[in-house]
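# Here's my sequence, what's the structure:
(one chain, ligands or ions: 1)
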Amino acid sequence: MALSEVKVGLVGLGLVCESHIKAYRAHPKARVVAVCDLDQDRAGQIASKYGIPKTYTDYAQMLTDPEIDTVDITTPTVLHAPMAIAAARAGKHILCEKPFCLTLAEGQAACDAADAADVTLMVGESYIFMTSIMKARALIDAGHIGRPLQIRQRFGTWLERPGAHATDRAITDDHRGWRLDSTRAGGAGYPWMFDHCVHFFATAEYLMSDARIREVYALKSDLSWMQPPDAAETHMYRPESAGDIPIITWTYDDPACQGVWMRAEALNGKYDPMFGFSVSVIGETGMIEVLGEGGRGLTWRGKDAHLVLHRKTDGTDSLRFDEGGDEIWQSEVSYYSRAHLNQITEFIDALTTGQPPRYTGADGTRHVRTTMAAICSAKEGLPVRVNEVNDARFAGVPS
Ligand SMILES: NC(=O)c1ccc[n+]([C@@H]2O[C@H](COP(=O)([O-])OP(=O)(O)OC[C@H]3O[C@@H](n4cnc5c(N)ncnc54)[C@H](O)[C@@H]3O)[C@@H](O)[C@H]2O)c1
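As a prediction, this is how the structure comes out:
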């Protein structure tokens, strides 16, 4: 049943929570009525900053609050699926941050719990809600590059803006420290890859018109040379064992289509002008280049651009989306502000119209599985079919 107003309780008041809270505040049909964090002082600070009436330190207690009809889960990844299951059992609608689950079994269990309770479950896959990425998809849907055949994703350094809120709180085990530990962040030794590959694979399917990734092949390499000393975000996420993953390639169910993700950070800013995440999509009759999270350095004819559309016969268009820049990264495209706003607008619109949201628990689980395939591939040194990955194989348990 559609809600006329959405009353949200948000749990986990770390790096990403303020992007969510601001997005609810911008929506006329949404209100954050409670926040919850183990850290009572933090809950009090966020509540007073945004005028939120109630605070909790116990999630189970927040779920008994009858005023709350919807829960937003922005806690460490290990808690996502268990918290989503508890919310569904309490009859609350759910927005859960990515990665949706640590195992396929718990992802499925969370989807089943939401279905059984007849509540809406959306996963916060913010990459496919960036304005630039959505515009790229709209141009593809409108036929500007013909059938998309190849996607190339490039990952360069994310540079943090001086004074960004990511740095205004000391790192503790519960706040950001957990990200180094793959028992809580996921990844079977590759926590950074697990945390981020879901974004890359969601984008890889979205910008290829929802084509499904079939097989993944990832390289493992010594990347100790890679990170520049001023890389703000990724330096803390070293893999737990020697070697990391600099390149992933994949094929789709359609044998004509393929993709690649490449990472190299060390020379950004000196010789390599492209920062952050950016994507090229090559189609039968054209090509799109577009900036994603923390992206910077895409130009056309000497001018900064956010998206460049090259058509085989009709020339080139260069587009910009001036949305006020990013709250955290030195980037003109708005990720932490606008992608989260777009995503939460989609969620609230789904709850108030009764329509399913664009990115569901099944989508979140599928991209966790694709991520597992990439990590298995790097460890095993072989291409891995996504539908042949299971929890035991990912955990390294011999079959
Ligand atoms: N989509 C995005 O752009 C994006 C960006 C950042 C983080 N994330 C995701 O959001 C999630 C949270 O990441 P973050 O960087 O905001 O985390 P964080 O480490 O900054 O903060 C986590 C917060 O959760 C609280 N917490 C931990 N256990 C809790 C519990 N049992 N009950 C209540 N509160 C608890 C901690 O005290 C801390 O304040 C992660 O899964 C991450 O992958 C997504």
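# which residue packs closest to residue 19, ignoring adjacent ones?
Nearest residue to residue 19, sequence neighbours excluded (C-beta to C-beta, 6 or more residues apart in numbering): residue 340, at 3.9 Å. From N, CA and C alone the C-beta is placed, and that goes for glycine too.
# could I get the host helix or strand of the one you found in PDB with only the CA atoms?
Residue 340 belongs to helix 340-353 when assigned by DSSP states H and E. What follows is helix 340-353, C-alpha atoms only, in PDB (Å, rounded to 0.1, in the frame of the first residue of the first chain):
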ATOM      1  CA  HIS A 340      22.200  10.100  -3.000                       C
ATOM      2  CA  LEU A 341      19.500  12.700  -3.500                       C
ATOM      3  CA  ASN A 342      18.400  11.100  -6.800                       C
ATOM      4  CA  GLN A 343      18.500   7.600  -5.200                       C
ATOM      5  CA  ILE A 344      16.400   8.600  -2.200                       C
ATOM      6  CA  THR A 345      14.000  10.500  -4.300                       C
ATOM      7  CA  GLU A 346      13.500   7.200  -6.200                       C
ATOM      8  CA  PHE A 347      12.900   5.300  -2.900                       C
ATOM      9  CA  ILE A 348      10.400   7.800  -1.500                       C
ATOM     10  CA  ASP A 349       8.600   8.000  -4.900                       C
ATOM     11  CA  ALA A 350       8.400   4.200  -4.900                       C
ATOM     12  CA  LEU A 351       6.900   4.100  -1.300                       C
ATOM     13  CA  THR A 352       4.400   6.900  -2.000                       C
ATOM     14  CA  THR A 353       3.300   5.500  -5.400                       C
END
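# hmm, who's touching it?
Identification of contacts with helix 340-353 by C-beta atoms under 8 Å, 6 or more residues apart in numbering yields 2-6, 16, 19-20, 22-24, 26-27, 29-30, 70, 93, 95, 120, 122, 124-126, 129-131, 134, 355-359.
# That helix and the ligand in contact?
No. For helix 340-353, no contact with the ligand is found by C-beta under 6 Å from any ligand atom; the gap never falls below 6.7 Å.
# Can you give me the pLDDT of the closest residue to residue 211 other than its chain neighbours?
Spatial nearest neighbour of residue 211, excluding adjacent residues (C-beta to C-beta, 6+ apart): residue 252 at 4.3 Å. On pLDDT, residue 252 comes in at 98.
# and residue 252, how far is that from residue 286?
Residue 252 is 19 Å from residue 286, where distance means C-beta to C-beta, to the nearest Å.
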